[in-house]
Structures are given as C-alpha cells and as structure tokens.
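Enquirer: Provided below are the primary sequence and the corresponding predicted coordinates.
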Amino acid sequence: MEPHGPGSVLFGCELTASTKSYTFQVDEEDDSDHILALSVVCLSDGAKDECNVVEVVGRNHENQEIAVPVANLKLSCQPLLSLDNFKLQPPVTFRLAAGSGPVHLSGWHRIMHREDASFEDDDLSEEDEEELPSIKPAKK
C-alpha cells in the first residue's frame, strides 16, 4: 500500500525540551481506518550535539503501555533517520526520552473510508446481471 495518494494527508510534529511528547489521535466515530506512516525523524535548527532518543509509546495485546525507541539522533553523527514509511495505528504517542531536541517527525496520515472498502465489485456484477434481459437464440 502506498502511503501517499488520495486519502493521504501530510503529517508533522516537533518534540522539544518544553514539549517532550505528542499524541496522534483520530476520531473513533468517523467510520474510517487510519494509518500513520512515518518517513523521517530529524534534528531541527537549534539542536545541540547530544543524543536525542525518540520513543513510540503504544499499548501491547494486554493493554499495557509500552515504549519502543525508534531513533537516536546526534548532530555530529546522525542528524536524520529515514524510517521508510514505518506504519503505526493511532492513537500513538511520540516522546523525546533523552535530549532536548528539537526533533521533527514527518510522514503521511492515510485515511481509508470503510464504506468505500465495503463497496465490492461482486455486488455490482450481480445487480447488472438482474437488469440485463436474458439472451435468446437468434431465429433462423
């Protein structure tokens, strides 16, 4: 699945010493499936030469909070990391676990409407068959 195209919106957030976390949430009532595809995590202007650890905070199958580091950035050796459209399902929180940033996260928010997905070709072909008159052999 391509992360961008119709139904995709550009996503971005910044983590700093004063704003150490950002939670990406969607309206549960909107009857759509949402995927957040992270492309790049990079240090922004003003970052110090220190380790900046970015974690993704979510919930496991037992509904316990888990935090997984996804990037360790340092200005002098790795100021940017490509995450190759790392897919996450909201709600998800990004947290600056170490360092003072600023760290910028960017990617795509993909929205797939469930009513579009449930509209199957099989339903169309059955309706078309009922409306077409039956074919009769030609008279000789």
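Expert: Received it, and whenever you're ready, just let me know what you need. Numbering: from 1, shown residues only.
Enquirer: For stretch 46-55, what is the spacing between the initial and final residues?
Expert: 21 Å (CA to CA, to the nearest Å).
Enquirer: Give me the contacts around that stretch.
Expert: 15, 41, 43, 67-76, 79, 94-103, 105 (CB atoms under 8 Å, 6 or more residues apart in numbering). (Glycine included, C-beta is placed from N, CA and C.)
Enquirer: Can you report how many residues neighbour the residue lying closest to residue 43 once chain neighbours are set aside?
Expert: Among residues not flanking residue 43 along the chain, residue 79 sits closest, at 4.6 Å (CB to CB, 6 or more residues apart in numbering). By the criterion of other CB atoms under 10 Å, residue 79 has 16 neighbours.
Enquirer: Now do residue 79, the pLDDT please.
Expert: According to the prediction, residue 79 has pLDDT 96.
Enquirer: Contacts only, for it.
Expert: Residue 79 neighbours (CB under 8 Å, 6+ apart): 42-43, 47, 73.
Enquirer: Please apply the same query to residue 88.
Expert: Taking CB under 8 Å, 6+ apart as the test, what residue 88 contacts is 24, 35-38, 56, 58.
Enquirer: most neighbours, which of those?
Expert: That'd be residue 38 among the contacts of residue 88, by other CB under 10 Å, with 26 neighbours.
Enquirer: Quick check: bridge partners of it?
Expert: Here residue 38 shows beta-bridge partners residue 86, residue 107, assigned using DSSP bridges.
Enquirer: which other residues reach the helix or strand hosting residue 105?
Expert: For residue 105, the host element (DSSP states H and E) is strand 103-113. By CB under 8 Å, 6+ apart, the list of residues contacting strand 103-113 from outside reads 1, 3-4, 7-16, 22, 24, 31-44, 47, 52, 54, 71, 73, 83, 85-86, 94, 96.
Enquirer: With that, I have no additional questions.
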